[in-house]
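[1] quick one, structure for this:
(chains A and B)
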Amino acid sequence: MTCDEIKILLMDFLYNESEPDSEKLVRAHLQNCPACRGEYEALSRTSLTLKAWENEDPRLHLVFVKESQSWLSALKEKFLPEHAPAWGKLAGLAAGIAIGVLFISALLNTEISYRNGNFLYRTSLLPRQPATVDSQLVAQVRQELDEKYQQLLLASQQQQRDELNSTLAKFATAVDRQRQIDLLLVGRGLDEFQQHTNSRFERNNELLNQFLRNVKLPQK
Amino acid sequence: MTDGDLIHKFLHEPDSREGVSAFNTLVWRWEKPMYNFILRYLGKRDEARDLTQQVFIKVYRNLARLKDRERFSSWIYQIAANLCRDLIKQKRRRPSFSLENLRESGALEEAAHTELTLLPDAALHPDRVVSRNELKEILEKALREIPEEQRLVVIMKEYQGLKFTEIAEALGLSVNTIKSRMYYGLSALKKILAQWQIDEEAMLYDV
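    Numbering: from 1, shown residues only, chains lettered A, B, ... in the order given. Now for the predicted structure:
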């Protein structure tokens, strides 16, 4: 073994990492080679000198504290962990989207109604089918409505006719009464006229008689 | 409890109090080695503190992807080494001039620590005593003299006590490459320290 070849093995030997076989080789070589022995001793001293540089106290005192996660990042870590494999992330994302779609669907199909003093809340994932209408029932209801309508119409017509009749009757009575009043008044007027005329005739007659008496007197 | 147990506990229930405290135990265990590793590699305390934090943030985020939990040590050094290299690259693109840079480049040291600049003349004082602090600064300077790739391996081996296999794993290189870098790095340091008249005897006079 040459001195050059021993250099690598010498490092093992110096730091007590030699295999038993190579240790024997190195020991044998060092015994026979004063140059290598000298170098080994010098390197060993250098190593010892280097050790004089002692470790320092870093005065760091690092402490890791688990920061309290925000609910959003906790949710994200739960469903999309940072160190998850790609398929895991995809699956997490898909699950998240599915839940989101279901939630939105449920929200869209929510029905809130108020009946008889109670709030009624119903929701479903799929749109609620509109209730199927029984055509027979519809026809029946329509017929009933028609009948009611007809009845109402008839009743209304009847009422109108009655009202018209009574109004006409009242009108006729009023006209009749007014005519009688008028006739009465006319009759009374004629009576007065007659009396008046009579009284004027009597007065004229009297005046004429007076005149005739006066005219006869001069003839004597 | 081994690192593997702590990791298991943390990953099993990362949101529970036990899980978080298991992770914090892991942090306390590795905080000092990480800081010192980065400090020795980059040479700046503020950057070392910053990057140490970043290392643990990366560990926290990526721990679940660590397949072999018993290899946590290589893994965390790999993270740290990558962060350091990124920073070095970033600084090469956009060199900044901070006070720290001036200090590291020696402009301020020149005024404050005249001993360091006198190092080449240390031969004039063969029996001079080097204090622990001075020695530390000398070693820091010596490490910065050797190529970056060798420095990284030397730091991981000498100061972090990693096995060659672990270093190879952390840096993504073959074990023989690591050993070869270690050999050349150590040889270079040997020469530099000899030049500066620093050896283990200097430590004996430590005050």
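
[2] and whichever residue of chain B sits closest to chain A, what element?
    Nearest to chain A, among the residues of chain B, is residue B:35, at 3.5 Å (CB to the nearest CB). Where you see a C-beta, it was placed from the backbone N, CA and C, and this is true even at glycine. Residue B:35 is part of helix B:17-42, with elements assigned from DSSP states H and E.

[3] show me what contacts the residue of chain B closest to chain A?
    A:56, A:58, A:60, B:48, B:49, B:52 (CB atoms under 8 Å, 6 or more residues apart in numbering or on different chains).

[4] okay but the last one is in contact with residue B:33, surely?
    No - between residue B:52 and residue B:33 there is no contact, the gap being 9.7 Å when judged by CB atoms under 8 Å.

[5] what about those two, which has more around it?
    residue B:52 (26 against 20; other CB atoms under 10 Å in any protein chain shown).

[6] ok so, going back, adding secondary structure and pLDDT, write the contacts of residue B:35 out as JSON lines.
    Formatted as JSON lines, these follow (DSSP: H, G, I helix; E, B strand; the rest coil; pLDDT from 0 to 100):
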{"residue": "A:56", "secondary structure": "coil", "pLDDT": "85"}
{"residue": "A:58", "secondary structure": "coil", "pLDDT": "83"}
{"residue": "A:60", "secondary structure": "coil", "pLDDT": "79"}
{"residue": "B:48", "secondary structure": "helix", "pLDDT": "92"}
{"residue": "B:49", "secondary structure": "helix", "pLDDT": "92"}
{"residue": "B:52", "secondary structure": "helix", "pLDDT": "94"}
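
[7] out of those residues, which is nearest to residue A:14?
    When the contacts of residue B:35 are compared for distance to residue A:14 (CB to CB), residue A:56 wins out at 25.5 Å.

[8] what number of residues lie near residue 44?
    The chain I'm using is chain A. Close neighbours of residue A:44, defined as other CB under 10 Å, add up to 16.

[9] wait, chain B was what I had in mind.
    18.

[10] against which helices or strands is the lowest-mean-pLDDT helix or strand in chain A packed?
    Ranking every helix and strand in chain A by mean pLDDT, DSSP states H and E puts helix A:71-79 at the bottom, with a mean of 76. Applying 3 or more CB pairs under 8 Å, 6 or more residues apart in numbering or on different chains; DSSP states H and E, one finds that helix A:71-79 contacts helix A:86-108.

[11] and the next helix or strand past the helix or strand of chain B with the lowest mean pLDDT?
    The least trusted helix or strand in chain B, going by mean pLDDT, DSSP H and E, turns out to be helix B:114-117, with a mean of 44. Once helix B:114-117 ends, the next helix or strand along the chain (criterion: DSSP H and E) is helix B:132-145.

[12] looking at the contacts of residue B:35, state which has the most neighbours.
    residue B:52 (26 neighbours).

[13] which non-adjacent residue is nearest the residue most central in space within chain B?
    Centroid-nearest residue in chain B: residue B:37, 2.4 Å away (criterion: CA atoms, centre = their mean). Distances taken as CB to CB, 6 or more residues apart in numbering or on different chains place residue B:160 nearest to residue B:37, at 5.5 Å, with adjacent residues excluded.

[14] show me what contacts that neighbour?
    Applying CB under 8 Å, 6+ apart, the residues near residue B:160 are B:33, B:36, B:37, B:77.

[15] closest one to residue B:148 out of the residues you listed, please.
    Nearest member of these to residue B:148, counting by CB to CB, is residue B:37, at 14.2 Å.

[16] relative to residue B:34, how far out is whatever residue of chain A ends up closest to chain B?
    Per CB to the nearest CB, residue A:58 is where chain A lies closest to chain B, at 3.5 Å. Look at residue A:58 and residue B:34: by CB to CB, to the nearest Å, they are 8 Å apart.

[17] what's the overlap in contacts for those two?
    What both residue A:58 and residue B:34 touch, as defined by CB under 8 Å, 6+ apart, is the set residue B:52.

[18] in the helix or strand harbouring residue B:53, what's buried?
    Using DSSP H and E, residue B:53 maps to helix B:45-62. Applying a neighbour-count criterion of 16 or more other CB atoms under 10 Å in any protein chain shown, one finds B:47, B:48, B:49, B:51, B:52, B:53, B:54, B:55, B:56, B:59 buried in helix B:45-62.

[19] same question for stretch B:174-192.
    B:175, B:177-190, B:192.

[20] please apply the same query to stretch B:64-75.
    Those would be B:66, B:69, B:71, B:72, B:73, B:74, B:75, for stretch B:64-75 by 16+ other CB under 10 Å.

[21] closest to residue A:160 among those residues?
    residue B:66 (101.0 Å).

[22] please name the nearest non-neighbouring residue to the closest one.
    Take residue B:66 and drop its neighbours on the chain: the residue closest to it by CB to CB, 6+ apart is residue B:75, 5.5 Å away.

[23] go on, residue A:25?
    According to CB to CB, 6+ apart, the nearest residue to residue A:25 is residue A:1 (6.1 Å).

[24] please apply the same query to residue A:15.
    Residue A:15 sits nearest to residue B:157 (CB to CB, 6+ apart), 6.7 Å away.

[25] now that neighbour: how far from residue B:150?
    Distance of residue B:157 to residue B:150, computed by CB to CB: 11 Å.

[26] who touches both of the two?
    With CB under 8 Å, 6+ apart, residue B:157 and residue B:150 have common neighbours residue B:182.

[27] which one of those two has more residues nearby?
    Neighbours of residue B:157 and residue B:150, each counted by other CB under 10 Å, are more numerous for residue B:157; the result is 26 against 20.

[28] contact partners for the more buried one?
    A:15, B:164, B:167, B:182.

[29] please apply the same query to residue A:7.
    Counted by CB under 8 Å, 6+ apart, residue A:7 has contacts B:180, B:183.

[30] in what helix or strand does it lie?
    Assigned by DSSP H and E, residue A:7 belongs to helix A:3-14.

[31] and residue A:189, by the same measure?
    Per DSSP H and E: helix A:135-216 holds residue A:189.

[32] and residue A:115, backbone torsions?
    phi -140, psi 130 (degrees, to the nearest 10).

[33] name the residues that touch stretch A:70-87?
    A:69, A:88, A:89, A:92, A:93, A:95, A:96, B:64, B:65.
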